[in-house]
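*Asks:* here's a sequence, model it:
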Amino acid sequence: MIRLTTKLSLVVTALVAGFLLPGPAGAAGTGSISGTVIDSDEQPVTEGCVRAYDLADTRVSFSWIGPDGSYRLEGLDTGDYKVEFERCDANVLWEYYDNARTSEAATPVSVTDGVDTSGINARLDVGGTISGSVTFEPGFPVPGICVYADKPGAAGYWSGFARVSPDGHYRIKGLETGDYKLEFRGCGDSDNVARQFYPGKATYSEAVPVSVTQGSDTPGIDADLAPGGAVTGTLFPTESPAEVCAMSVKAYDSDGNLAGSFNSPGFLYTPVDYRIDQLITGNYRLHFEQGCLAIFSMDPFWVSEYFNNRNSLVEATPVSVTEGSTTSQISAVLGSESTISGTITDTEGAPLENICVEAADENGPAGIIAYSDPDGHYSLNALLGGSYTLKFSDCQGTNERIVTPEYFDDKATIEEAVPVSVSAGGLRSGINARLATAPRPVPTAKISKLSVKGPAFVRKGREATFRLRITNSGDATATGVRIKGSGRGISARAPVGKIAASMTRTVRIRLRPSKAGKTMVTFRVTSSNAGGRTTKHKINVRKK
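*Replies:* The predicted structure is shown next:
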């Protein structure tokens, strides 16, 4: 656990500032700025917008551009202002007046209260676009999905943005000529989507850039998304003389990058349930924080720790998360907490690693879980004082042998379990378990289902896209998976790679028929270790 009394969380400072300080007064001026905005094709920029900033770069006025390209920024006092012409939903490149690309280079516009400063016009370059379609895992509610385009090295993190429409299509507008990396993810905190970078990559560094040319569209940049994984638990606050408290949880991926976070909703001093979702499959390390502030004395109190009661990111116990599933009971008691520890072995006395130890009190699961280390040791570090029943199991299924779960002390059910008591802030050691194990069957992979969707009519010599859903119903990863499409005047191959156990993957294959007429296309999936499947699809190839 880490305690600090000389620094204070920004979120707590912000809460107190918002509680004590008055908000800014609204603008009272009657001056205005007006003009006309056209694009490089001499057409009105009908879906663009205009903003006015004072010389301290504070936004003071906003206007949509009308159907005729005109705008008016109102409510301005006497003074000088910077005018920014923004793309909003128009396919143009933004700029400041007068033809400047940065706020520092903008030409100020003078305004007099009660007078309109007219003729502040702009001619914006037409931008490039990126478009495509997004599909989501069947059987789950479709969330709000957003697509972000980043031009590496450009000012600002995201160069463009689009929200996916209900029919699955999107278009990012107003892009400069260059290469962009795309990210697909949920638009809001409640939109649980496993983040993905184009094409189907887990990290930004793996993403393949997409080339864009101004005045043109780069189509076919598609994504097939799945619901994100989640981690949940309860954060119990420490005792503190402070009056205002905020708590947060941060999840870091295996590379140490922040993957998700939770912030408590303002003033509180009670246990808070948290949830971090939109996570891809992997291991995460969690950091728990509590920051408090006495409103009048301004004396800070700060406590933080990593799961499972560790002092650093490197020492933190990893938490496994799977897309579409929730890893629960990852909790922490900040401050004075009780600990139960012991050793887990098999019946021969050999240590068992990665065995889950779950604690439950009289109200049910206590929201606490621990994992045994390579020596079989475990430590439940985030407990309140009280009486608990303990369950030992291979909850992640990672052990080399099948482990028979049991409750303390060598009991088969929770009703038979022997309770373990621990005092507040105390340590109860020697709570050991000897678990029965058996050889685990050799896992196998099996391609069990193959279906295809695609057009019934295709133009000769033109490319057509077909979507194939491939199911691996086995309990091992299918490797070396490939697709072949063949028929009269048709031959195409595409690598698929791996398909995880008990998972279905949707892939696309593009065919270009060279002969007209009706034909039956045979799609064959093969693999290195999971066998294969074949399906057929009838198409009518029309002449050009």
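*Asks:* just checking, residue 35 touches residue 118?
*Replies:* Yes - under the criterion of CB atoms under 8 Å, residue 35 makes contact with residue 118 at 6.6 Å. Placement of C-beta: from N, CA and C, glycine included.
*Asks:* tell me which of the two has more neighbours.
*Replies:* residue 35 (21 against 12; other CB atoms under 10 Å).
*Asks:* now do the contacts for that one.
*Replies:* 70, 71, 118, 119, 120, 121, 122 (CB atoms under 8 Å, 6 or more residues apart in numbering).
*Asks:* please name the bridge partners of the nearest residue to the fifth one once chain neighbours are set aside.
*Replies:* Leaving aside its chain neighbours, residue 120 sits nearest to residue 35 (4.0 Å; criterion: CB to CB, 6 or more residues apart in numbering). Partner residues in beta bridges with residue 35, using DSSP bridges, are residue 71.
*Asks:* where does this protein dip in pLDDT?
*Replies:* 1-28, 138-142, 153-158, 189, 238-244, 266-269, 292-302, 335-337, 366-367, 382 (pLDDT under 70).
*Asks:* domain-wise, how is it divided?
*Replies:* 31-124, 128-225, 336-440, 447-542 (automatic domain parsing).
*Asks:* so which of the contacts of residue 35 sit within helices?
*Replies:* Judged by DSSP state H, helices contain none of these.
*Asks:* mind picking the two most distant members of the residues you listed?
*Replies:* Based on CB to CB, the longest span within the contacts of residue 35 runs between 118 and 122 and measures 13.4 Å.
*Asks:* strand partners (parallel or antiparallel) of the longest strand anywhere in the chain?
*Replies:* Assignment by DSSP state E gives strand 282-293 as the longest strand of the chain. Applying DSSP bridges, strand 282-293 is found paired with strand 244-252 (antiparallel), strand 300-306 (antiparallel), strand 319-321 (antiparallel).
*Asks:* ok, the nearest residue to residue 186 once chain neighbours are set aside - contacts?
*Replies:* Once flanking residues are discounted, residue 186 sits nearest to residue 193: 4.0 Å by CB to CB, 6+ apart. Contact analysis of residue 193 by CB under 8 Å, 6+ apart lists 136, 143, 145, 184, 185, 186, 225, 226, 227, 228, 278.
*Asks:* now render those as CSV, adding distance to residue 500, secondary structure and neighbour count.
*Replies:* Below are the contacts of residue 193 laid out as CSV (distance: CB to CB, whole Å; DSSP: H, G, I helix; E, B strand; the rest coil; neighbours: other CB atoms under 10 Å):
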residue, distance to residue 500, secondary structure, neighbour count
136, 18, strand, 18
143, 22, coil, 20
145, 22, strand, 22
184, 19, strand, 24
185, 21, strand, 19
186, 22, strand, 20
225, 16, strand, 23
226, 11, coil, 20
227, 15, strand, 22
228, 16, coil, 27
278, 19, strand, 22
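*Asks:* quick one on the thing from earlier: list the beta-bridge partners for the residue nearest to residue 186.
*Replies:* Taking DSSP bridges as the rule, residue 193 bridges to residue 227.
*Asks:* residue 254 versus that one, what's the distance?
*Replies:* Using CB to CB, to the nearest Å, residue 193 is found at 20 Å from residue 254.
*Asks:* over to residue 120?
*Replies:* Between residue 120 and residue 254 the computed distance is 52 Å (CB to CB).
*Asks:* okay, those two: which has more neighbours?
*Replies:* Remark: of residue 120 and residue 254, residue 120 carries more neighbours, 21 against 11, as counted by other CB under 10 Å.
*Asks:* what is the neighbour count of residue 475?
*Replies:* Neighbours of residue 475 (other CB under 10 Å): 15.
*Asks:* residue 255 now?
*Replies:* Other residues near residue 255 come to 9 when the count uses other CB under 10 Å.
*Asks:* tell me how far it lies from residue 33.
*Replies:* From residue 255 to residue 33 the distance is 47 Å (CB to CB).
*Asks:* go on, residue 113?
*Replies:* For residue 113, the distance to residue 33 - CB to CB - is 13 Å.
*Asks:* out of those two, which sits in the busier spot?
*Replies:* Remark: of residue 113 and residue 33, residue 33 carries more neighbours, 24 against 13, as counted by other CB under 10 Å.
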